[in-house]
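**Q** sequence and computational prediction follow.
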Amino acid sequence: MELIKFIVEDQQGERQEVEAPTDMGLSLMEILKASEYPVLATCGGMALCATCHVEIVEGKAGLEKATDVELDQLENLPEYFPSSRLACQIRIGEQLEGAIVRLRGEDVV
Amino acid sequence: MNPSPIHTDLCIIGAGPVGLFAVFEAGLLKMRCHLIDALPQIGGQLSEIYPQKPIYDIPGYPEIKAQELVDNLLEQAKPFNPTFTLGERVDHLDRQEDGSFILTTSDKTTVHAKVIIIAGGLGCFEPRKPVLINLEAYEGKGINYMVKNPETFRDKKVVIAGGGDSALDWTIFLANVAERVTLVHRNETFRGAPDSASKVFDLAQEGKIDLILSANLKAVSGEERLQYVILDDKDNKEMSIEADYLIPLFGLSPKLGPIADWGLSIDKNAIEVDTKDYSTGVERIYAIGDINTYPGKLKLILCGFHEAAIMMHSAFKYVYPDQKLSFKYTTVNGVNAF
């Protein structure tokens, strides 16, 4: 099993390293949830609710471009940053190694 | 209020796949169902969001389109004559002395039911609110999250915020109705329909609307009602716009809605249930499908089907308190319509 490591910054600004397998077809949203981060992911990964909104602070160069569906959702958000993404639309892969991900989701519990 | 409520054994909130299959399971036990859905059509997210998408994990169907599954479920429920209230959201729940409920919808339809089954999926899609200083204080006093009646804005100063299709469309429409329309958008360009975007740029060029780009809403203020919308412009300088109305249009987001106020135990936007029978902590209220949560929960249609079957056997005692429930197979007994 291939493992990658990246940094997650929570709403309080605290950073922690997270490990994730690259060969299980998981999304970043699923890893964040599994790591007990307060991500609602109401729609289950269909790019509908934007509750898994994250900012890719570092390491966005290697990521696949956002699809139109994802961009439409992001565009609609009241708060949006140039490096905003929906975590459910990002597949865990080598390109995330060393990345820094900042949680931005609305109505986090 | 509607003087004569709809009477039913079970009221199912949510007419998605799980709500529809619940009608079938209830029917086998001779319990009648009325379904209420906030969407104007049956089928929930399957019909609303991905009708043409194939689903691969419905037992017995190697592949089935979402809408086809909904059509089949409706056909399967038909012998039990379910009734529907569509395009209305359940707003209130009043417990009666005998333990039954009166539900009241957003359009004041009332339903009397012995048991409530919440099969609400993701919840209701509600307008997303921006984070603004004093926002809540002016809701209903100048802040509207949707345009219900354009006449409300006749000869008024209106600020619209957002960059999607609805922000563009309402800007164009209200340009001829309101005294002045100002569209505030945080980018330089629009992702909405190119036609609408170029119309908005034309209107701004002709001086018919004010277009403020690369700007972010910051606060709202006023005495009794909204008077000013305050924003940061592209140079991060604060500016204030006189406004009778602010219409933030930032898309829709699924929310539990009024269900959250019914005294149910809620975890991360989902209703906690007992896996013995998918009952909530409140007697006679059950929750099945994507809207519930329990250890090991999987948000799958097939899990919702299972939950519906188990749950109906538990609800039977409230509809037929004097009868003993005996378990029957459809292969032995068939499906006895009513």
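**A** Received the coordinates, thanks.

**Q** with adjacent residues omitted, what lies nearest to B:Ala337?
**A** When the adjacent residues along the chain are set aside, B:Ala337 lies closest to B:Pro79, with 3.5 Å between them (C-beta to C-beta, 6 or more residues apart in numbering or on different chains). Glycine gets a C-beta too; all of them are placed from N, C-alpha and C.

**Q** so the one you found, which state does it fall into?
**A** Following DSSP: H, G, I helix; E, B strand; the rest coil, B:Pro79 is assigned to helix.

**Q** that one against B:Gly334, yeah?
**A** No. B:Pro79 is not in contact with B:Gly334 according to C-beta atoms under 8 Å; the separation is 9.9 Å.

**Q** and B:Ser326, what helix or strand is that in?
**A** Mapping B:Ser326 onto the secondary structure by DSSP states H and E places it in no helix or strand at all.

**Q** and the gap between it and B:Tyr286?
**A** Noted for B:Ser326: a distance of 21 Å to B:Tyr286, by C-beta to C-beta, to the nearest Å.

**Q** looking at these two, which is more packed in?
**A** Here B:Ser326 and B:Tyr286 are set side by side on neighbour count (other C-beta atoms under 10 Å in any protein chain shown), and the busier one is B:Tyr286, at 28 against 6.

**Q** which ones are touching the closest residue to A:Thr67 other than its chain neighbours?
**A** With C-beta to C-beta, 6+ apart as the criterion, A:Thr67 has its nearest non-adjacent residue at 6.8 Å, and that residue is A:Gln89. A:Gln89 makes contact with A:Ser27, A:Ala47, A:Ala66, A:Thr67, A:Glu70 under the criterion C-beta atoms under 8 Å, 6 or more residues apart in numbering or on different chains.

**Q** in helices, which of the residues you listed appear?
**A** Cross-referencing the contacts of A:Gln89 with the helices (criterion: DSSP state H) gives A:Glu70 as the overlap.

**Q** before we move on, the earlier item: B:Pro79 and B:Gly334: who's more crowded?
**A** Neighbours were counted for B:Pro79 and for B:Gly334 using other C-beta under 10 Å; B:Pro79 has more, 16 against 11.

**Q** count the residues that sit near B:Lys199.
**A** Applying other C-beta under 10 Å, we find 16 other residues in the vicinity of B:Lys199.

**Q** could you do B:Asp71 as well?
**A** By other C-beta under 10 Å, 16 other residues sit near B:Asp71.

**Q** and if you look at A:Gly105?
**A** By the other C-beta under 10 Å criterion, the neighbourhood of A:Gly105 contains 24 residues.

**Q** on that earlier part again, contacts only, for the residue nearest to B:Ala337.
**A** Under the criterion of C-beta under 8 Å, 6+ apart, the contact list for B:Pro79 reads B:Gly27, B:Val335, B:Asn336, B:Ala337, B:Phe338.

**Q** same question for B:Met146.
**A** B:Pro127, B:Ile247, B:Leu249.

**Q** show only the entries of the residues you listed found in strands.
**A** Of the contacts of B:Met146, the ones assigned to strands by DSSP state E are B:Pro127, B:Ile247.

**Q** nearest to A:Ala34 among the contacts of B:Met146?
**A** The shortest separation between A:Ala34 and any of the contacts of B:Met146 is 30.8 Å, and it belongs to B:Pro127 (by C-beta to C-beta).

**Q** measure stretch B:206-222 end to end?
**A** Terminal residues of stretch B:206-222 lie 30 Å apart, using C-alpha to C-alpha, to the nearest Å.

**Q** in it, what's buried?
**A** For stretch B:206-222, the buried set under the neighbour-count rule, 16 or more other C-beta atoms under 10 Å in any protein chain shown, comprises B:Ile209, B:Leu211, B:Ile212, B:Leu213, B:Ala215, B:Asn216, B:Leu217, B:Lys218, B:Val220, B:Gly222.

**Q** could you dump these to CSV with pLDDT?
**A** Formatted as CSV, the entries for these read as follows, by pLDDT from 0 to 100:
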residue, pLDDT
B:Ile209, 97
B:Leu211, 97
B:Ile212, 96
B:Leu213, 95
B:Ala215, 93
B:Asn216, 91
B:Leu217, 93
B:Lys218, 94
B:Val220, 96
B:Gly222, 96
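
**Q** out of the residues you listed, which is nearest to B:Glu188?
**A** Nearest to B:Glu188 among the buried residues of stretch B:206-222 is B:Leu213, at 5.3 Å by C-beta to C-beta.

**Q** ok, that closest one touching B:His185?
**A** Yes. Here B:Leu213 reaches B:His185: they are 5.6 Å apart, a contact under C-beta under 8 Å.

**Q** how many neighbours does B:Gly142 have?
**A** 21.

**Q** next: B:Val115.
**A** 28.

**Q** helices or strands next to the helix or strand hosting it in the packing?
**A** Under the criterion DSSP H and E, the helix or strand holding B:Val115 is strand B:110-118. Counting contacts by 3 or more C-beta pairs under 8 Å, 6 or more residues apart in numbering or on different chains; DSSP states H and E, strand B:110-118 packs against strand B:6-13, strand B:33-37, strand B:101-105, strand B:285-287, helix B:301-319.

**Q** still on that earlier bit, specify which member of the contacts of B:Pro79 is nearest to chain A.
**A** Nearest to chain A among these is B:Gly27, at 28.9 Å by C-beta to the nearest C-beta.

**Q** relative to A:Leu48, how far out is the spatially closest residue to that closest one that is not a sequence neighbour?
**A** For B:Gly27, the nearest residue in space outside its immediate sequence neighbours is B:Phe80; the separation is 3.0 Å by C-beta to C-beta, 6+ apart. Noted for B:Phe80: a distance of 31 Å to A:Leu48, by C-beta to C-beta.

**Q** just the buried positions in stretch B:282-298, please.
**A** Of the residues in stretch B:282-298, those scored as buried under the neighbour-count criterion (16+ other C-beta under 10 Å) are B:Val282, B:Arg284, B:Ile285, B:Tyr286, B:Ala287, B:Ile288, B:Gly289, B:Asp290, B:Ile291, B:Asn292, B:Thr293.
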